[in-house]
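Undergrad: Everything below, folded, please.
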Amino acid sequence: MAATAAEMISGKLEAEVELHCSPAKFYDMVKNSVHDLPSHSPTHVQAVQVHEGDWDAHGTVKFWIYTCEGKLEVFKERVEYDDAKKTVKLNGLEGDVMKLYKV
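TA: Purely as a prediction, here's the structure:
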């Protein structure tokens, strides 16, 4: 039996995004203000909730409710912050995106 494309995809997913602010300001927003995202983009993100931990703590588990191609979806992630490098690593735990990508 042949594997589907979703079954064959595994590894690391990276994206490059053009920002209209400084990298430091974006990092600060992701780490300290992501809970405000639904008020800035309610058609795309309906809620971001802390499931375990604190908003800006390394290892916090967050639960997202968002819209993708007109469909309401969910995503649960564990977040890792590196303040020295100003990087954020999102480890997917469960949710609709897992139907497309292996972790």
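
Undergrad: what's the one helix or strand F63 maps to in contact with?
TA: Of the helices and strands defined by DSSP states H and E, F63 is found in strand 61-68. Contacting residues not belonging to strand 61-68 are listed as 34, 43-53, 72-79, 93, 95-96 [Cβ atoms under 8 Å, 6 or more residues apart in numbering]. In short, each C-beta sits where N, CA and C put it, glycine included.

Undergrad: Could you list the buried residues of it?
TA: Within strand 61-68, the residues that qualify as buried by neighbour count (16 or more other Cβ atoms under 10 Å) are K62, F63, W64, Y66.

Undergrad: On the strand side of things, show who the second one bridges to.
TA: This means F63. In this entry, F63 is beta-bridged to Q49, K76, by DSSP bridges.

Undergrad: And the longest helix along the chain, how far out from the chain middle?
TA: Here the longest helix in the chain is taken by residue count, with DSSP state H as the criterion, and it is helix 23-32. Centroid displacement of helix 23-32 relative to its chain, using Cα atoms, centre = their mean, to the nearest Å, is 14 Å.

Undergrad: could you give me the average pLDDT of it?
TA: Along helix 23-32, the predicted local confidence has a mean pLDDT of 90.
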